[in-house]
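1. sequence and predicted structure, then a few things I'm wondering about:
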Amino acid sequence: MSGAQEPARLLVDGTEVARYVVDPALDARHGPRPYLHPVRTLGGTVVTDALPADHVWHLGASLAVQDVNGANLWGGRTYVRDVGYTWRDDHGRIAHTGWSERSIDRLAHRLEWRDPHGAVLLTEHRQLTAVPLTLDRPSGGVSAWRLEMDYTLSAPPGQDVRLGSPATNGRPGGAGYGGFFWRAVSAEPASVFSASATGEEAVNGSTEPWVALRGTGPDGRAYTLVFTGLGDGDRWFVRAAMYPGVGVAFAFAQPVTVAAGRERRGRHGVVVADGTLDRDRAAALVATMS
């Protein structure tokens, strides 16, 4: 691919809420892959960050894994057991190969997860959908919409595909990231909570039914994101102190394998709301997703 494709757009009731960069022209060390950025609330507040100075390879909302049969598709340094983070020539890319559907509220396409030599590790079919939401309450409704991401990862015949993380390669501290990841942006320190826990330490690594992140956009306005969609064996990866981010981690504590010729399916939902939501309102918005 040339890297020259214009970003696709997602709209809700005529308002652009996200741009999808399908073919970014990036240094291989940044883990080139399709990503959503900027994502906005219905009120226009930007709620994603891309290429931030602290972790340049964080690309808005994307799907990526640091260790796919030894290939780094996340970007940045690779965690090596008993050595630590090391720059290695092991970066692959996740490449858009063709559209299946492209409309104002739904994008579907085919992708290949490739190693540094261009060999295909996994094939994928991915669908992104923007859905309007309204929570009616006596005090007024919530301005919100929902992003849905559905995907199927397929291993080639005759080859198992192992998915790992810094944690499975020996890094301590709950760094089991890799999967669906949302790098948020916040002008003020962000906060995270779940259905029954509060704070980064309590939520990271949990299997709560949903996780919320509250932040402040570059325009100074508050927003809340509510994440759902853990699969079997997944855990939440959460950061708030160092940077704001929430992910569905595939290999938080143990590597997982997509067996030869088999599939791994996922479906994640993210409520993107204007304002600061409490636990009750976040739970009510999650209930609209069932």
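-> Arrived safely.
2. using PDB, write down the CA coordinates of the longest strand along the chain.
-> For the chain, the strand with the greatest residue count under DSSP state E is strand 120-135. Below are the C-alpha coordinates for strand 120-135, written out as PDB (Å, rounded to 0.1, in the frame of the first residue of the first chain):
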ATOM      1  CA  VAL A 120       1.500 -13.200   6.800                       C
ATOM      2  CA  LEU A 121       1.100 -14.200  10.400                       C
ATOM      3  CA  LEU A 122      -2.700 -13.600  10.700                       C
ATOM      4  CA  THR A 123      -5.400 -12.500   8.400                       C
ATOM      5  CA  GLU A 124      -8.200 -10.300   9.800                       C
ATOM      6  CA  HIS A 125     -11.700  -9.100   9.000                       C
ATOM      7  CA  ARG A 126     -12.700  -6.000  11.000                       C
ATOM      8  CA  GLN A 127     -15.800  -3.900  11.300                       C
ATOM      9  CA  LEU A 128     -16.200  -0.600  13.000                       C
ATOM     10  CA  THR A 129     -19.700   0.900  13.700                       C
ATOM     11  CA  ALA A 130     -20.800   4.200  15.200                       C
ATOM     12  CA  VAL A 131     -24.100   4.000  17.100                       C
ATOM     13  CA  PRO A 132     -26.100   6.900  18.600                       C
ATOM     14  CA  LEU A 133     -27.000   6.700  22.200                       C
ATOM     15  CA  THR A 134     -29.300   8.600  24.600                       C
ATOM     16  CA  LEU A 135     -29.800   8.000  28.300                       C
END
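3. quick one: average pLDDT of that strand?
-> Mean pLDDT, strand 120-135: 93.
4. in the helix or strand just after that strand, what's buried?
-> Proceeding N to C from strand 120-135, the next assigned helix or strand is strand 142-154, under DSSP states H and E. Residues of strand 142-154 classed as buried: Val142, Ser143, Ala144, Trp145, Arg146, Leu147, Glu148, Met149, Asp150, Tyr151, Leu153, Ser154 (neighbour count, 16 or more other Cβ atoms under 10 Å). All C-beta spots, glycine's among them, are computed from the backbone N, C-alpha and C.
5. one more: stretch 48-65?
-> Neighbour count says stretch 48-65 has 48-51, 55-65 buried, by 16+ other Cβ under 10 Å.
6. picking that back up, what packs against the longest strand of the chain?
-> On a contact count with 3 or more Cβ pairs under 8 Å, 6 or more residues apart in numbering; DSSP states H and E, strand 120-135 meets strand 8-12, strand 15-21, strand 93-102, strand 106-114, strand 142-154, helix 279-287.
7. point out where the protein drops to low pLDDT.
-> 1-4, 135-140, 290 (pLDDT under 70).
8. run the last query once more with 80
-> Screening the chain residue by residue with the criterion pLDDT under 80, one finds the ranges 1-4, 134-141, 289-290.
9. coming back round to it: right, and the helices and strands packed on strand 120-135 - which one's nearest Gly233?
-> Proximity to Gly233 (Cβ to Cβ) singles out strand 142-154 among those, at 14.1 Å.
10. in this structure Ala184 contacts Thr45, no?
-> No: with contact defined as Cβ atoms under 8 Å, Ala184 does not count as touching Thr45 (11.2 Å).
11. of the two, who's got more company?
-> The neighbour count for Ala184 versus Thr45, taken as other Cβ atoms under 10 Å, is higher for Ala184 (26 against 23).
12. with adjacent residues omitted, what lies nearest to the more buried one?
-> Excluding its sequence neighbours, the residue lying closest to Ala184 (Cβ to Cβ, 6 or more residues apart in numbering) is Pro244, at 3.9 Å.
13. for Gly215, see how far away that neighbour is.
-> Distance, Pro244 to Gly215, by Cβ to Cβ, to the nearest Å: 5 Å.
14. what touches both of those two?
-> Ala184, Val185, Ser186, Ala190 (Cβ atoms under 8 Å, 6 or more residues apart in numbering).
15. tell me how far the second one lies from Gly217.
-> In this case it means Val185. Distance of Val185 to Gly217, given as Cβ to Cβ: 7 Å.
16. spit out the residues that contact those two alike.
-> Val46, Val47.
17. just the element for Gly266, please.
-> Element membership for Gly266 (DSSP H and E) is strand 263-274.
18. which elements pack onto that strand?
-> strand 142-154, strand 179-183, strand 222-228, helix 279-287.
19. what are the pairing partners of that strand, and which direction each?
-> strand 142-154 (antiparallel), strand 222-228 (antiparallel) (DSSP bridges).
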